[in-house]
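>>> structural data only, the sequence is not supplied:
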Ligand code: GLU
């Protein structure tokens, strides 16, 4: 399945910006390559630009060695961003690396405080889950416990944004019209957790706003995050959200999701076995249903996968 290029061209500015945003919690696998094929393929087919951002907000799980390996693997695949790490990125701070952007996130919190209710919260995930009556592995809806407690921000306390009821409708470029009410999905949104880490939802939305991202292309597992990101972006002062495009995920033959430790689909491992970059891109495109056979395809050929008039 592929999005309509005509539809995207109608909805996006010329020279639009999209982004590739890996988290350096492990090595790239074929699932990440599929996402890269969509990102670069659609950008190159429509005259857009790609920004590369390192999403290392989770300080416990992210590693510099993984960041380095991801940059090397993208290079090897021939996937060059238009806005991306400069040579100094490897050794020094960058606005494209989330762990270097605390000041930007603090500034966004200050901006939110002027238009919305931001409050400190000392509830643990477990306590929220128990109150909400959900299993520990399911995202619990925050029941608003600390909203009116007026706690002072302090170490050991998280920071939340009050979320009012209301649907956020959007038309996904591949999944069609959707509407979710973030107040029912997650309740008051966690901005910073109790150990002081910025959350995925907050960091990704602030980044997409401040970097001027027009098109978000990512896997279907993040479709449910979209409404809350649209709401947050509006509260941050961005009335028109980006266009979202959620594509299918790759699964192993036993139905489980690919993970960064799967050796049979890791870009590093396929490289070590002598596959070329074009062969890896071709296999990922085949497994995603974007071509009928795993024919090798190099990075410059990716737009042809999305041109429905081309023969495959
Ligand atoms: N950093 C996220 C990941 O690697 C992607 C986030 C997004 O595209 O919104 O899964």
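Good, I have the coordinates. Here the structure is a predicted model, which is why all the values come from computation and not from measurement.
>>> strands along the stretch 151-300 of the chain, start to end?
Counting by DSSP state E, counting those that start in this stretch, the stretch 151-300 of the chain has strands at residues 158-161, 168-172, 176-180, 189-192, 215-219, 243-247.
>>> using a markdown table, lay out these together with mean pLDDT and mean neighbour count.
In short, each C-beta sits where N, CA and C put it, glycine included. Output for these, formatted as a markdown table (pLDDT from 0 to 100; neighbours: other C-beta atoms under 10 Å):
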| stretch | mean pLDDT | mean neighbour count |
| --- | --- | --- |
| strand 158-161 | 97 | 23 |
| strand 168-172 | 98 | 16 |
| strand 176-180 | 97 | 13 |
| strand 189-192 | 97 | 24 |
| strand 215-219 | 98 | 23 |
| strand 243-247 | 98 | 22 |
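>>> and those as JSON lines, adding distance to the ligand?
Listed next are these as JSON lines, based on distance: least, C-beta to the nearest ligand atom, whole Å:
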{"stretch": "strand 158-161", "distance to the ligand": "18"}
{"stretch": "strand 168-172", "distance to the ligand": "13"}
{"stretch": "strand 176-180", "distance to the ligand": "16"}
{"stretch": "strand 189-192", "distance to the ligand": "15"}
{"stretch": "strand 215-219", "distance to the ligand": "4"}
{"stretch": "strand 243-247", "distance to the ligand": "9"}
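>>> nearest to residue 86, of those strands?
With distances scored as C-beta to C-beta, the stretch of these nearest to residue 86 is strand 215-219 (23.2 Å).
>>> tell me how far the closest one lies from the chain's centre.
Between the mean C-alpha point of strand 215-219 and the mean C-alpha point of its chain there is a distance of 7 Å (C-alpha atoms, centre = their mean, to the nearest Å).
>>> just stretch 96-109 next, same as before
Distance of stretch 96-109 from the chain centroid (C-alpha atoms, centre = their mean) equals 16 Å.
>>> same check on stretch 208-224?
Average the C-alpha atoms of stretch 208-224, do the same for its chain, and the two points are 6 Å apart (C-alpha atoms, centre = their mean).
>>> got a list of contacts for stretch 181-189?
Contacts of stretch 181-189 from elsewhere in the structure, counted by C-beta atoms under 8 Å, 6 or more residues apart in numbering, are 119, 121, 139, 141-144, 147, 160-168, 199, 201-202, 224, 227-228, 231-232.
>>> again, only using 7 Å
Applying C-beta atoms under 7 Å, 6 or more residues apart in numbering, the set of residues contacting stretch 181-189 from outside is 139, 141-144, 147, 160-168, 201, 224, 227-228, 231-232.
>>> any of those buried? List them.
Neighbour counting by 16 or more other C-beta atoms under 10 Å classes 139, 141-142, 144, 160-163, 168, 201, 227-228, 231-232 among the contacts of stretch 181-189 as buried.
>>> circling back: which ones among the contacts of stretch 181-189 map onto helices?
Secondary structure assignment (DSSP state H) places 201, 227-228, 231-232 from the contacts of stretch 181-189 within helices.
>>> list just the nearest of the residues you listed to the ligand.
Each of the ones in helices among the contacts of stretch 181-189 was checked against the ligand using C-beta to the nearest ligand atom; the closest is residue 201, at 9.1 Å.
>>> with that, I have no additional questions.
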